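Visitor: sequence unavailable; structure follows:
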């Protein structure tokens, strides 16, 4: 895979409200950020795990394959703990 400058991650949201309503919306915050980074000639990739439900380990493996300069992850109150688990797994896989 081609190396990217910035890799942005939208973690899975397993809250009951989201699951009952079946809401899967694109991560607009990451899309806006990516568009601005691309204006400054940065290559950007977004992994929307909330949509594809790959799981933490598969997302970490993707991060390792893309070998980005910067990894960013978004979080809201409901996904903060999940986001931290992603970061721990990415750190374990990519920095060892």
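Guide: Yes, it's here. It should be emphasised that the depicted structure is a prediction, and the values quoted were computed from it without experimental measurement. Numbers count the residues shown, from 1 in each chain.
Visitor: strand partners of the helix or strand hosting residue 9, parallel vs antiparallel please.
Guide: Taking DSSP states H and E as the definition, residue 9 sits inside strand 6-10. Here strand 6-10 is paired, per DSSP bridges, with strand 44-48 (parallel), strand 70-73 (parallel).
Visitor: show me what the next helix-or-strand element following the longest one packs onto, helices and strands only.
Guide: Taking DSSP H and E as the definition, the helix or strand that follows strand 44-48 towards the C-terminus is helix 49-52. Applying 3 or more Cβ pairs under 8 Å, 6 or more residues apart in numbering; DSSP states H and E, one finds that helix 49-52 contacts strand 6-10. For every residue, glycine as well, the C-beta is placed using N, CA and C.
Visitor: secondary structure class for the residue lying farthest from the centre of the chain?
Guide: Among the C-alpha atoms of the chain, the one most distant from their mean position (Cα atoms, centre = their mean) is that of residue 20, at 22.8 Å. Judged by DSSP: H, G, I helix; E, B strand; the rest coil, the three-state class of residue 20 is helix.
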